[in-house]
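Asker: Fold the stuff below for me.
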Amino acid sequence: MKLFHLFISICILSLTATAFAADEVKPGGVDKPKVAEKSEAGIKLGSVDLPQVAEKSEAGAKALVTLKEMYDKFQVTLKTKEKELDKLKAALQGKNLTGAKRETKEKQFQKKFGEYQQFGKKAQQEFAQKQAELSKQIKDDLDKLVKDYGRDHGYALILNKEGLVYSDSKYEVKDLTDEILKGINTAGKK
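Answerer: Numbering: from 1, shown residues only. Just a heads-up that it's a prediction; the model follows:
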């Protein structure tokens, strides 16, 4: 569960500053309506809860599974290394070790402990790298999808809902989260 929250937090951090402006209509985007709706002021504004899309999308679920498998694999290896260290520590605490044998065991313990620490650092780096890679892919897919959606549906501006603090009631800011979620899941199946 901590892993899930960590992944979502990273997605949120990487997506919160993202705003999308409509440019031209690109072919191959989300289905385009025949008539673009306008708000009272003639400008269509939308918002998307990007963390929710990242959390609930199929891509987000797959990324979470990948990260959990990677985390579990590292945990198994760390537990094995911890057991080796515990055995060496117990042997060092034995009273029947002579000076030379004790020194050998201490060197073994120090070597194994160093290997344990190196593995932990390497595992953290690999995990962070994989997490960043998966987050970037989801962010890139969301960026493209939201931009295409905005262009195809005539939106002047689509903001991250989490960053939206105030909206004047004369301007309708439509929540597009569910539509974007459907779009990213559909795009992922292609």
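Asker: and residue 159, which of the three is it?
Answerer: Of the three states, residue 159 takes strand under DSSP: H, G, I helix; E, B strand; the rest coil.
Asker: Could you grab the helix/strand/coil label for residue 47?
Answerer: Following three-state DSSP, the label given to residue 47 is strand.
Asker: how about the residue nearest to it when sequence neighbours are not counted, what does it touch?
Answerer: Closest residue to residue 47 apart from its sequence neighbours, by C-beta to C-beta, 6 or more residues apart in numbering: residue 161 at 4.1 Å. The C-beta positions use only the backbone N, C-alpha and C, and glycine is treated the same way. Residue 161 makes contacts with 47, 48, 49, 50, 175, 177, as judged by C-beta atoms under 8 Å, 6 or more residues apart in numbering.
Asker: now that we have the residues you listed, which one has the most neighbours?
Answerer: Highest neighbour count within these: residue 48, with 29 neighbours (other C-beta atoms under 10 Å).
Asker: Wait, that residue touches residue 145, no?
Answerer: No: Residue 48 is not in contact with residue 145 according to C-beta atoms under 8 Å; the separation is 9.5 Å.
Asker: what's the overlap in contacts for the two?
Answerer: Taking C-beta under 8 Å, 6+ apart as the contact rule, residue 48 and residue 145 both touch residue 180.
Asker: returning to that earlier point: can you lay out the contacts of residue 161 as JSON lines showing pLDDT and distance to residue 71?
Answerer: Formatted as JSON lines, those follow (pLDDT from 0 to 100; distance: C-beta to C-beta, whole Å):
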{"residue": "47", "pLDDT": "89", "distance to residue 71": "33"}
{"residue": "48", "pLDDT": "91", "distance to residue 71": "29"}
{"residue": "49", "pLDDT": "90", "distance to residue 71": "26"}
{"residue": "50", "pLDDT": "86", "distance to residue 71": "24"}
{"residue": "175", "pLDDT": "86", "distance to residue 71": "33"}
{"residue": "177", "pLDDT": "89", "distance to residue 71": "28"}
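Asker: Tell me the one of these nearest residue 89?
Answerer: residue 50 (47.8 Å; C-beta to C-beta).
Asker: Is it correct that that closest one is in contact with residue 143?
Answerer: No: the criterion here is C-beta under 8 Å, and residue 50 misses it with residue 143 at 9.6 Å.
Asker: Tell me which stretches of the protein form strands.
Answerer: Secondary structure of the chain (DSSP state E): strands located at 19-21, 45-48, 157-160, 173-175.
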